[in-house]
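Trainee: Got a predicted structure plus its sequence, pasted below:
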Amino acid sequence: MVKKLVMAQKRGETRALCLGVTMVVCAVITYYILVTTVLPLYQKSVWTQESKCHLIETNIRDQEELKGKKVPQYPCLWVNVSAAGRWAVLYHTEDTRDQNQQCSYIPGSLDNYQTARADVEKVRAKFQERQVFYCFSAPRGNETSVLFQRLYGPQALLFSLFWPTFLLTGGLLIIAMVKSNQYLSILAAQK
């Protein structure tokens, strides 16, 4: 009976150790992926200074209005603001600026032109309602663009590091509990 109990404990301990080690390995792999993907985007984002933006003008650009330039096949919202004492172009996020520098806002669904146009009109109306709002600008003075919302800010970085940290801590705790249980059972057997 005692031998069966010891064998069952060893199997359970082995499984718990495998679980703990697997959790630690998964956390390390996740940290590696995050360091190679999210961290460079965070470091590349220069829009760190939060400031107040005052709306100067909003303009919806259609493909007919932008002749002679490469124009996408969707309506485009262009927003000019005054931020930190200088004129700037407002972009929705970092990705919006990378996708098309002629658009401040790109609608979510580009399949239907009328739906995209209605979406752009709604966003334009919200900007015209609130003439003053918070935005993110670059601390250096030569940047002529500001962001309405940062995708790669400190909150996003902390949020993406939360689960791997939780996984690593849980795995290390499981390993520590199994090892301490083994040590205490050896001490009990010696007495």
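Mentor: Great, that's in hand. Residues are numbered from 1 along each chain as shown.
Trainee: so where's the longest helix in the protein?
Mentor: As assigned by DSSP state H, the longest helix anywhere in the chain is helix 2-44.
Trainee: So which elements touch it?
Mentor: With contacts defined as 3 or more CB pairs under 8 Å, 6 or more residues apart in numbering; DSSP states H and E, helix 2-44 has these neighbours: helix 154-190. Heads up, the C-betas are built off the backbone N, CA and C, glycines and all.
Trainee: Pull out the buried residues from the helix it packs on.
Mentor: Residues of helix 154-190 classed as buried: 157, 160-161, 164, 167-168, 171, 174-175, 178 (neighbour count, 16 or more other CB atoms under 10 Å).
Trainee: Present those residues as TSV; the columns should include pLDDT and distance to Gln101.
Mentor: As requested, the buried residues of helix 154-190 are exported to TSV (pLDDT from 0 to 100; distance: CB to CB, whole Å):
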residue	pLDDT	distance to Gln101
Leu157	84	25
Ser160	88	27
Leu161	90	31
Pro164	94	34
Leu167	95	39
Leu168	96	40
Gly171	96	45
Ile174	95	50
Ile175	94	51
Val178	91	56
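Trainee: Nearest to Glu129 among those residues?
Mentor: The shortest distance between Glu129 and any of the buried residues of helix 154-190, using CB to CB, involves Leu157 and amounts to 31.7 Å.
Trainee: Distance check, that closest one against Val35.
Mentor: 11 Å (CB to CB, to the nearest Å).
Trainee: How about Thr14?
Mentor: The spacing between Thr14 and Val35, counted by CB to CB, is 32 Å.
Trainee: now the buried residues of helix 154-190 in TSV, with distance to Ala83?
Mentor: TSV is the format used below for the buried residues of helix 154-190 (distance: CB to CB, whole Å):
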residue	distance to Ala83
Leu157	24
Ser160	28
Leu161	30
Pro164	35
Leu167	40
Leu168	40
Gly171	45
Ile174	50
Ile175	51
Val178	56
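Trainee: Can you give me the first-to-last residue distance of stretch 106-118?
Mentor: Here the two ends of stretch 106-118 are set 12 Å apart, with distance taken as CA to CA, to the nearest Å.
Trainee: got the buried residues for that stretch?
Mentor: For stretch 106-118, a neighbour-count test (16+ other CB under 10 Å) marks 106-107, 116 as buried.
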